[in-house]
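I'd like to go over a predicted model; first the sequence, then the structure.
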Amino acid sequence: EVQLVESGGDLVQTGGSLRLSCAASGFNFGEFAIGWFHQAPGKEEEGVAYISMRDGKTSYTRSAMGRFTISSDNAKNTVYLQMNSLKPEDTAVYFCAAKIWSLNSYDYWGQGTQVTVSS
(Lines give C-alpha, C1' and ligand atoms only; values in the text may rest on other atoms or scores of the structure.)
Protein backbone atom coordinates (compact mmCIF):
# COMPACT_ATOMS: atom_id res chain seq x y z
CA GLU A 1 0.00 0.00 0.00
CA VAL A 2 1.36 3.38 -1.02
CA GLN A 3 1.51 5.89 1.81
CA LEU A 4 2.70 9.47 2.04
CA VAL A 5 2.73 11.02 5.49
CA GLU A 6 3.50 14.69 5.96
CA SER A 7 4.65 16.24 9.20
CA GLY A 8 6.28 19.39 10.48
CA GLY A 9 3.50 21.92 10.04
CA ASP A 10 3.15 24.47 12.81
CA LEU A 11 2.32 28.04 13.76
CA VAL A 12 5.26 30.39 13.23
CA GLN A 13 5.80 34.13 13.07
CA THR A 14 6.60 36.05 9.91
CA GLY A 15 10.23 35.50 9.00
CA GLY A 16 10.38 32.16 10.75
CA SER A 17 11.33 28.75 9.37
CA LEU A 18 9.83 25.29 9.22
CA ARG A 19 10.93 21.98 7.79
CA LEU A 20 8.23 19.75 6.45
CA SER A 21 8.77 16.03 5.97
CA CYS A 22 7.09 13.60 3.61
CA ALA A 23 7.68 9.96 4.56
CA ALA A 24 6.93 7.58 1.69
CA SER A 25 6.34 3.85 1.66
CA GLY A 26 4.89 1.17 -0.57
CA PHE A 27 6.64 2.02 -3.83
CA ASN A 28 10.07 2.11 -5.43
CA PHE A 29 11.20 5.49 -4.13
CA GLY A 30 14.03 5.82 -6.61
CA GLU A 31 11.70 5.67 -9.63
CA PHE A 32 9.40 8.41 -8.44
CA ALA A 33 9.23 12.17 -8.15
CA ILE A 34 7.74 13.99 -5.21
CA GLY A 35 6.02 17.34 -5.34
CA TRP A 36 4.99 19.67 -2.57
CA PHE A 37 1.73 21.55 -3.01
CA HIS A 38 -0.24 23.93 -0.85
CA GLN A 39 -3.84 25.01 -0.61
CA ALA A 40 -4.94 28.11 1.23
CA PRO A 41 -8.54 28.57 2.39
CA GLY A 42 -10.77 29.49 -0.52
CA LYS A 43 -7.99 29.05 -3.06
CA GLU A 44 -6.97 26.40 -5.52
CA GLU A 45 -4.16 23.98 -4.85
CA GLU A 46 -0.80 25.21 -6.11
CA GLY A 47 2.54 23.56 -6.66
CA VAL A 48 5.46 24.65 -4.52
CA ALA A 49 8.47 22.49 -5.32
CA TYR A 50 9.42 19.25 -7.02
CA ILE A 51 12.22 16.72 -6.82
CA SER A 52 12.94 13.67 -8.92
CA MET A 53 14.59 10.81 -7.10
CA ARG A 54 15.61 9.44 -10.48
CA ASP A 55 18.09 12.21 -11.26
CA GLY A 56 17.89 14.67 -8.37
CA LYS A 57 16.37 17.40 -10.51
CA THR A 58 14.48 20.05 -8.55
CA SER A 59 12.20 22.90 -9.48
CA TYR A 60 10.36 25.63 -7.61
CA THR A 61 7.53 28.01 -8.20
CA ARG A 62 8.36 31.69 -8.29
CA SER A 63 7.09 32.31 -4.76
CA ALA A 64 9.18 29.47 -3.33
CA MET A 65 12.42 30.13 -5.16
CA GLY A 66 15.12 31.51 -2.92
CA ARG A 67 13.16 30.82 0.27
CA PHE A 68 12.30 27.11 0.12
CA THR A 69 14.57 24.13 -0.48
CA ILE A 70 13.39 20.65 -1.39
CA SER A 71 15.65 17.70 -0.64
CA SER A 72 15.48 13.96 -0.20
CA ASP A 73 16.99 11.27 1.98
CA ASN A 74 16.67 8.20 -0.21
CA ALA A 75 17.84 5.91 2.57
CA LYS A 76 14.84 7.05 4.63
CA ASN A 77 12.40 7.36 1.70
CA THR A 78 11.72 10.88 2.89
CA VAL A 79 11.49 14.22 1.16
CA TYR A 80 11.89 17.49 3.01
CA LEU A 81 10.77 21.03 2.34
CA GLN A 82 12.84 23.60 4.22
CA MET A 83 10.90 26.82 4.34
CA ASN A 84 12.65 30.03 5.38
CA SER A 85 11.59 33.67 5.53
CA LEU A 86 7.97 32.61 5.88
CA LYS A 87 5.24 35.10 5.07
CA PRO A 88 1.57 35.20 6.08
CA GLU A 89 0.66 34.36 2.49
CA ASP A 90 2.45 31.01 2.93
CA THR A 91 -0.32 29.98 5.31
CA ALA A 92 -1.93 26.86 3.86
CA VAL A 93 -2.25 23.11 4.12
CA TYR A 94 0.85 21.59 2.56
CA PHE A 95 0.60 18.26 0.76
CA CYS A 96 3.20 16.00 -0.76
CA ALA A 97 2.36 13.89 -3.78
CA ALA A 98 4.17 11.18 -5.70
CA LYS A 99 4.30 10.24 -9.36
CA ILE A 100 6.41 8.00 -11.54
CA TRP A 101 9.26 10.28 -12.55
CA SER A 102 8.52 10.10 -16.31
CA LEU A 103 4.79 10.76 -16.07
CA ASN A 104 2.89 14.00 -15.65
CA SER A 105 0.14 13.19 -13.19
CA TYR A 106 0.51 12.68 -9.46
CA ASP A 107 -1.17 9.45 -8.40
CA TYR A 108 -0.56 9.42 -4.66
CA TRP A 109 -1.24 12.14 -2.11
CA GLY A 110 -0.66 12.60 1.58
CA GLN A 111 -3.18 13.94 4.06
CA GLY A 112 -1.53 17.33 4.46
CA THR A 113 0.02 19.34 7.26
CA GLN A 114 -1.08 22.82 8.34
CA VAL A 115 1.34 25.72 8.15
CA THR A 116 0.21 28.99 9.70
CA VAL A 117 2.34 32.12 9.55
CA SER A 118 1.25 34.92 11.85
CA SER A 119 1.87 38.56 11.02
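That came in fine, so what should we check first?

how close does the spatially most central residue of the chain get to residue 10?
Centre of the chain computed as the mean C-alpha position; nearest residue by C-alpha atoms, centre = their mean is residue 36, 2.7 Å away. The gap separating residue 36 from residue 10 is 16 Å, by C-beta to C-beta, to the nearest Å. Yep, even glycine has a C-beta here, placed from its N, CA and C like the rest.

tell me the contacts of the nearest residue to residue 107 once chain neighbours are set aside?
Distance criterion C-beta to C-beta, 6 or more residues apart in numbering; nearest residue to residue 107, sequence neighbours excluded, is residue 99 at 5.8 Å. Taking C-beta atoms under 8 Å, 6 or more residues apart in numbering, we find residue 99 in contact with 32, 33, 35, 105, 106, 107, 108.

pLDDT on the helix or strand containing residue 117, on average?
Secondary structure from DSSP states H and E places residue 117 in strand 113-118. Across strand 113-118, pLDDT averages out at 98.

coming back round to it: report the contact partners of the residue nearest to the centre of the chain.
20, 22, 47, 48, 49, 50, 70, 79, 81, 94, 95, 96.
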